[in-house]
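S.K.: Curious how this folds, go ahead:
(one chain, ligands or ions: 1)
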Amino acid sequence: MDAMRGYLRKNLLWIGFGAVVVPLAILLVLQYRWLTDLQRASADATRAGMKSTAVAIAERVSYAYGKRVWGLFEKAAALMRDDGGLDKVAYAVGRADLEGVRRVFVATFDEQSVAWIHRFDPATGTFRRGDMDDEMAAIHVAIAPYKLMAWAGAKVERPEIEADSKSRAFPMAVYPMTDAKARVRGVVGLIADVDYVRESIVPRAVNDVLEKYWGDDAGTLLVAVGEENADPIFAVDGWDPAPGEADTWAQLPWMFSTHYVVLKNRAATPEELANASFATNLTLSGLLSLALVGGLGLAIRTAVREKRLSNMKTDFVSNVSHELRTPLASIRVFGEFLGLGRVRDPDKIHEYGEYIESESRRLTQLINNILDFSKIESGAKTYRFETTDVRDVLDEVLKTFEVRLRHSGFTIRKSIVDGPISTVSGDPDAIAQALHNLLDNAVKYSNGSRTVEVAVEEGSRYVRVSVRDHGVGIARDEQDKIFERFHRVGTGLVHDVRGNGLGLSIVRHVVRAHGGKVTVESEPGRGTTFTVHLPREGHRPALSG
Ligand code: ADP
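M.R.: Purely as a prediction, here's the structure:
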């Protein structure tokens, strides 16, 4: 149970990551499938929307005649049945709304079924017989079935308006007039005004329907109305559809049934539109998921870092406590010896005194490191730059090391340029502290070797101070990390030396503040060289880091 809880706590981050990423992946898959369905459906829906537009346009065209014609025909038929005669019909026709109508005619059949055809003359307001012409021929053709019915004595119980589109020039509607016994006695009919249909009815129908169905998007559609294999009688932007080019079509009903309305989206076919919206939706979902996973990744990274840092801080506290304890214990023991007054030998007294001093220095150095680190972290660390000869600073540092090194049998080999050397603009205390940290490390990680080499040399841009040891060395992949605060190369296998992980981070900060850089060369098991590069005074550094 506890093991499980421990496992959960340890892997909480990854469990949380999985808890978000797995459902997200499932959602993405579901959304993908839903989008493919939608893609299919939306192409069909677009096509259906266009189809219903075409149908609506077609219906509007014939609707423009429908009601008026129906009323007029019924009235004419009733008048004729009641023996009202052609004059009364003429009167009714004369008062009717004949917009878009080229001709109204009445045909009556006599006993021998001869058709007497009268055409309405708007000028005189009467029906007149006329000579045979194209129009008359078309009328004869249209009424022929009714003539036959009259001859055969066929009954028409429920008369209906019939459209006749056999003649291109004279689209017609005809209506049988019956007597009391429902026998056909004649026909009333009209011929549509083709020009008017082309110039007024069709454009109005197209505009009305587009506006109603498509609103602001009406401009995306191309519309044409016409007969097959003929120039369109109406076309948006002069569109003359090639065969198969239209997205959808509808047949005009009734007396214009040889005409078709065809429609096309200017920019894309319904499938292309559906593909485009599919792609957009999928991209958006993808981006959203990426942002989510990215955000999560960042959060986890931050959390992992925080956790690592907090572990490091915990280690730091225990490391510092130990580091403080050792010199304090030495100081106490030597202090007690001296305090008891048992040590008389002046050499011993001198030696103990030196011990106490050197251990106190270590303590001071340690505390300085911690204080400086906290100043650096809070941005409060300041430097007092002055013209400095790094050799003087190094001498001072080595002097404070002497006692400690002498007692532990270390030799320091110096290779320092004689004579004049460029000065640097630096804070001597800060530089001293950095060099002290490097020397301290060289001693700490010496792993039994007892030589440390220090060198000072001058390059074209920098004055360089290097500290070389022949100790444990640093693995390549650690060489960058060791400069991070609290970072220590794993103890045990590599080394068992106490420390707090602040030394090198302070070195780097100090050197960078001087416009310089610190580099490391190392081979595990063979030793390490740290080099501090400080820009020569008056030389503007081109590099930092
Ligand atoms: P510490 O207090 O641990 O010495 P530093 O910041 O001074 O902290 O060093 C960080 C780590 O770098 C050390 O823990 C050690 O593993 C490694 N290191 C530093 N100097 C040397 C060196 N001269 N030889 C080998 N390893 C070193």
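
S.K.: you'd agree A56 is up against N207?
M.R.: No - with contacts defined as CB atoms under 8 Å, A56 does not count as touching N207, sitting 12.0 Å away. Any C-beta I mention is one placed from the backbone N, CA and C, and that applies to glycine too.

S.K.: neighbour-wise, which of these two wins?
M.R.: Between A56 and N207, counted using other CB atoms under 10 Å, A56 has the larger neighbour count: 19 against 15.

S.K.: residue contacts, that one?
M.R.: A56 makes contact with V209, K212, Y213, according to CB atoms under 8 Å, 6 or more residues apart in numbering.

S.K.: Now with 7 Å, please.
M.R.: For A56, the residues meeting the contact criterion (CB atoms under 7 Å, 6 or more residues apart in numbering) are V209, Y213.

S.K.: Also Y65?
M.R.: Contacts for Y65 were tallied using CB under 7 Å, 6+ apart; they are G100, A192.

S.K.: Check which element follows the helix or strand of the chain at the bottom of the mean pLDDT ranking along the chain.
M.R.: Taking all helices and strands of the chain together, the one with the lowest average confidence (mean pLDDT, DSSP states H and E) is helix 2-10, at a mean of 79. On the C-terminal side of helix 2-10, the nearest following helix or strand under DSSP states H and E is helix 12-81.

S.K.: could you give the mean pLDDT of that following helix?
M.R.: For helix 12-81, mean pLDDT is 88.

S.K.: any idea how far the residue nearest the centre of the chain lies from L28?
M.R.: Centroid-nearest residue in the chain, with CA atoms, centre = their mean: L287, separated by 4.1 Å. Note on L287: its distance to L28, by CB to CB, to the nearest Å, is 12 Å.

S.K.: Find the residues that touch each one of these two.
M.R.: Here L287 and L28 share no contacting residue, scored by CB under 7 Å, 6+ apart.

S.K.: Show me what the least confident helix or strand of the chain is packed against.
M.R.: Helices and strands in packing contact with helix 2-10 are not found; criterion 3 or more CB pairs under 7 Å, 6 or more residues apart in numbering; DSSP states H and E.

S.K.: CA atoms only for it - export them in CSV, please.
M.R.: These are the backbone C-alpha positions of helix 2-10, laid out as CSV (Å, rounded to 0.1, in the frame of the first residue of the first chain):
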residue,chain,number,x,y,z
ASP,A,2,2.8,2.4,1.1
ALA,A,3,4.9,1.3,-1.8
MET,A,4,2.1,2.1,-4.2
ARG,A,5,1.5,5.5,-2.6
GLY,A,6,5.3,6.1,-2.9
TYR,A,7,5.2,5.1,-6.5
LEU,A,8,2.3,7.4,-7.2
ARG,A,9,3.9,10.3,-5.5
LYS,A,10,7.2,9.8,-7.4
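
S.K.: Doesn't V184 belong to a strand?
M.R.: Yes - membership of V184 in a strand is supported by DSSP: H, G, I helix; E, B strand; the rest coil.

S.K.: Which pLDDT value goes with it?
M.R.: Per the predicted model, pLDDT is 92 at V184.

S.K.: ok, what's across the strand from it?
M.R.: On the basis of DSSP bridges, V184 takes part in beta bridges with T178.

S.K.: can you check the one 5 residues further on too?
M.R.: For G189, the beta-bridge assignment (DSSP bridges) gives partners F105, V174.

S.K.: The ligand contacts on the chain?
M.R.: If contacts are counted using CB under 6 Å from any ligand atom, the residues of the chain sitting beside the ligand are 437, 441-442, 445, 469, 471-474, 482, 487-489, 499-505, 528.

S.K.: repeat that with 5 Å
M.R.: 441-442, 445, 472, 474, 482, 488-489, 499-501, 503-504, 528 (CB under 5 Å from any ligand atom).

S.K.: want to throw those residues into CSV with secondary structure, distance to L148 and neighbour count?
M.R.: Listed next are these as CSV, based on DSSP: H, G, I helix; E, B strand; the rest coil; distance: CB to CB, whole Å; neighbours: other CB atoms under 10 Å:
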residue, secondary structure, distance to L148, neighbour count
N441, helix, 122, 22
A442, helix, 126, 25
Y445, coil, 122, 20
V472, coil, 121, 23
I474, coil, 115, 22
I482, helix, 113, 21
R488, coil, 114, 23
V489, coil, 114, 20
G499, coil, 120, 21
N500, coil, 119, 23
G501, coil, 114, 20
G503, helix, 119, 24
L504, helix, 115, 23
T528, strand, 120, 24
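
S.K.: Please identify which pair of the residues you listed lies farthest apart.
M.R.: N500 and T528 (18.7 Å; CB to CB).

S.K.: Run a quick neighbour tally on the residue in the stretch 1-150 of the chain that the ligand sits nearest to.
M.R.: Nearest residue of the stretch 1-150 of the chain to the ligand, counting by CB to the nearest ligand atom: K10, 25.3 Å away. Using other CB under 10 Å, K10 is surrounded by 10 other residues.

S.K.: any low-confidence regions in the stretch 401-545 of the chain?
M.R.: Within the stretch 401-545 of the chain, the ranges that satisfy pLDDT under 70 run 491-496, 539-545.

S.K.: quick one: the helices in it?
M.R.: Here the stretch 401-545 of the chain has its helices, by DSSP state H, counting those that start in this stretch, at 428-444, 503-513.
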